[in-house]
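Novice: What would the 3D arrangement of this be:
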Amino acid sequence: MKKCAVHRCLANLLVLAASLWAINADAVAPGQNKPVLIGLVTMGDESWVKDPGLLPQNLLQEANAHPGVYVAAVIQAAWSQIEPQENVFDDSVISNTLNEIKTYNAEYPSTPLVGKLRVFAGVHSPSWVLQQVGSFTYTNISTNVVVLAGVTNITFSTNIYTVPDFWTTNYSLLWEGMQNHLAGVYDTNDLMGEVAMTVGSSITAEPFVIPGSAVPEMEAAGFSAGQMAYCLSNAVNVYAAWKQTPLDYTFNTTLNSSIAEDPPFSVQVMAAFRQALGTRSVVANHDLDYPAPTKEAVDYQEFQALNSAALAVNPPVLSPLEFQTTGPTDAWDRVIPFAVDVYHPTEIEIWNTTAVPKGLAPITLGELSQWALLLKTRLVSLGTVPTAGFSMAYYGVLGSNYMLQASVDLTHWTTLLNFTCTNQPMKLLDAQSGGNSQRFYRVLP
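Specialist: All right, here's what the predicted structure looks like:
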């Protein structure tokens, strides 16, 4: 399949996507939205995801090992668990985890958790789905890297996967039926804090990532770039039954380098997603690294543009953004402060630091606590406003009291303002900033 044909297919669907999403946006009543997650999220152990013989175990290991630092725990679920037969639902994997969260909150009432639902399909799709929409089989060779006590262990595994034709309209309709059911049960449940939009995902839970080694098999099964583009553009309509819960959509610049590279497509889908759901739309990327990944440069620039637009509103509003790092062995002490300083995410998912099999991240409680504070309380420069002074945005805890202080030498500090955080973020102004060659700011409780 030629790239030029793919580009035309993607571009032609953008206007359709924007119009569809605008229709459903009107159904979201103001004042009903659940709060956006702000802080660290434990993503749990994903070692089961690429093994069709395994299922998730949401044990809250990480939250219980490091209580008080997380705001949410990912609830991992397989489509085959939730809907083993068409229109026959089993929500126990979700409800049981929410009950575990309720137990955790009773023990730690000052730092409660909510759930973040992430449903996986691919090799964990029900057999009836494969029968209805068709499927393809391919061989995948994966590399597993585990670092324990400074020792890197690299292993290779060969797997044969059978995956449904996830790009088809019929597949999206079946997925929508499952989401309609889940929204009916959990959308009004305060413990369900966020839902990941994973329709169209295949081997991972990232819809814009397709299995590169399966391209020939996909094309033989009738893969169409136009259908895939429609699936990705139409995703928010598939999740339209969720009226109150923030929705997380993971973006990647490329669908796959051997099929198409179309950065404007991902950027325009992202912009339409934000326009449709406003602050209930959580844009995301799971390749965070230091320095920022060049292959995702266009999407990362759009993250910054969306944040700038949100801060330009009066009063400023949140621009929800979620990250996962590329893997569990990243230089966390550089990656997370870099992300907070440059891209201002509202949440970062942390790889499991307690489960030994896979996904082990060598992170201490002290580091987790520091990063949690970075996400919840930070000061962002908005620049000088002519005739008014220097403008800032402060992300704090709603209802808490703070002091804005200024200094010219980082030694002597003057309190400029006492304020209560009534908005997220708060817009602050130093009207006396003129006449100083340099001036530093901090906010204290």
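
Novice: in the stretch 1-150 of the chain, which spans are strands?
Specialist: Using DSSP state E, counting those that start in this stretch, the strands assigned to the stretch 1-150 of the chain run over residues 39-42, 70-78, 114-120, 135-148.

Novice: hey, where'd the helices end up in the stretch 101-250 of the chain?
Specialist: 127-133, 169-186, 215-220, 225-233, 235-238 (DSSP state H, counting those that start in this stretch).

Novice: Same question for the stretch 251-400 of the chain.
Specialist: With DSSP H, counting those that start in this stretch as the criterion, the stretch 251-400 of the chain has helices spanning 263-277, 297-312, 332-343, 365-376.

Novice: returning to what we had before: relative to Ser381, which of the strands of the stretch 1-150 of the chain is closest?
Specialist: Ser381 lies closest, by Cβ to Cβ, to one member of those: strand 39-42, at 22.2 Å. Using the backbone N, CA and C atoms, a C-beta is placed for each residue, glycine as well.

Novice: Off-centre distance for the closest one?
Specialist: Mean-position distance between strand 39-42 and its chain equals 11 Å (Cα atoms, centre = their mean, to the nearest Å).

Novice: same check, this time on stretch 115-132
Specialist: Remark: stretch 115-132 is offset 19 Å from the chain centroid, using Cα atoms, centre = their mean.

Novice: what does stretch 279-293 give?
Specialist: Counting by Cα atoms, centre = their mean, stretch 279-293 is centred 7 Å from the centre of its parent chain.

Novice: Give me the mean pLDDT for it.
Specialist: For stretch 279-293, mean pLDDT is 94.

Novice: Report the buried residues of it.
Specialist: Buried residues in stretch 279-293, counted by 16 or more other Cβ atoms under 10 Å: 279-290, 292-293.

Novice: same question, stretch 186-202
Specialist: Residues of stretch 186-202 classed as buried: 186-187, 189, 191-202 (neighbour count, 16+ other Cβ under 10 Å).

Novice: Return the residues in contact with Asn307.
Specialist: If a contact means Cβ atoms under 8 Å, 6 or more residues apart in numbering, then Asn307 has Ser319, Leu321, Tyr343, His344 as its contacts.

Novice: Oops, could you answer that again for Leu55 instead?
Specialist: Trp48, Ala78, Gln81, Val93, His124.

Novice: What is the lowest-pLDDT residue among those?
Specialist: Lowest pLDDT among the contacts of Leu55: Trp48, with 90.

Novice: looking at it, that one is touching Asn58, isn't it?
Specialist: No - using Cβ atoms under 8 Å as the test, Trp48 is too far from Asn58 to be in contact (10.8 Å).

Novice: joint contacts of those two?
Specialist: Each of Gln76 lies in contact with both Trp48 and Asn58 under the rule Cβ under 8 Å, 6+ apart.

Novice: circling back to that earlier point, Ala73: which of the contacts of Asn307 is nearest?
Specialist: The closest of those to Ala73 turns out to be Leu321 (Cβ to Cβ; 19.3 Å).

Novice: Who is the closest one paired with across the strands?
Specialist: Val283 (DSSP bridges).

Novice: Could I get the contacting residues of it?
Specialist: Leu321 is in contact with Val282, Val283, Ala284, Phe303, Leu306, Asn307, Tyr343, His344, Pro345, Thr346, Glu347, counting by Cβ under 8 Å, 6+ apart.

Novice: Show me which pair in these is furthest apart.
Specialist: Leu306 and Glu347 (14.9 Å).

Novice: out of those two, which sits in the busier spot?
Specialist: A count of neighbours by other Cβ atoms under 10 Å puts Glu347 above the other of Leu306 and Glu347, at 26 against 21.

Novice: Tell me which residues touch the nearest residue to Phe208 once chain neighbours are set aside, please.
Specialist: Distances taken as Cβ to Cβ, 6 or more residues apart in numbering put Asn252 closest to Phe208, at 3.8 Å, once the chain neighbours are dropped. By Cβ under 8 Å, 6+ apart, the contact list for Asn252 reads Glu206, Phe208, Val209, Ser266, Asn285, Asp287, Glu296, Asp299.

Novice: Tell me the confidence at Asn252?
Specialist: On the pLDDT scale, Asn252 is placed at 89.

Novice: shaky segments in the stretch 151-300 of the chain?
Specialist: 254-263 (pLDDT under 70).

Novice: thinking again about what came up before, now, the buried residues of stretch 279-293 that are in strands?
Specialist: Ser281, Val282, Val283, Ala284, Asn285, His286, Asp287, Leu288 (DSSP state E).

Novice: So what sits opposite the nearest residue to Gly115 once chain neighbours are set aside in the bridge?
Specialist: Nearest residue to Gly115, sequence neighbours excluded (Cβ to Cβ, 6+ apart): Ile75, at 4.5 Å. Per DSSP bridges, the residues bridged to Ile75 are Leu117.
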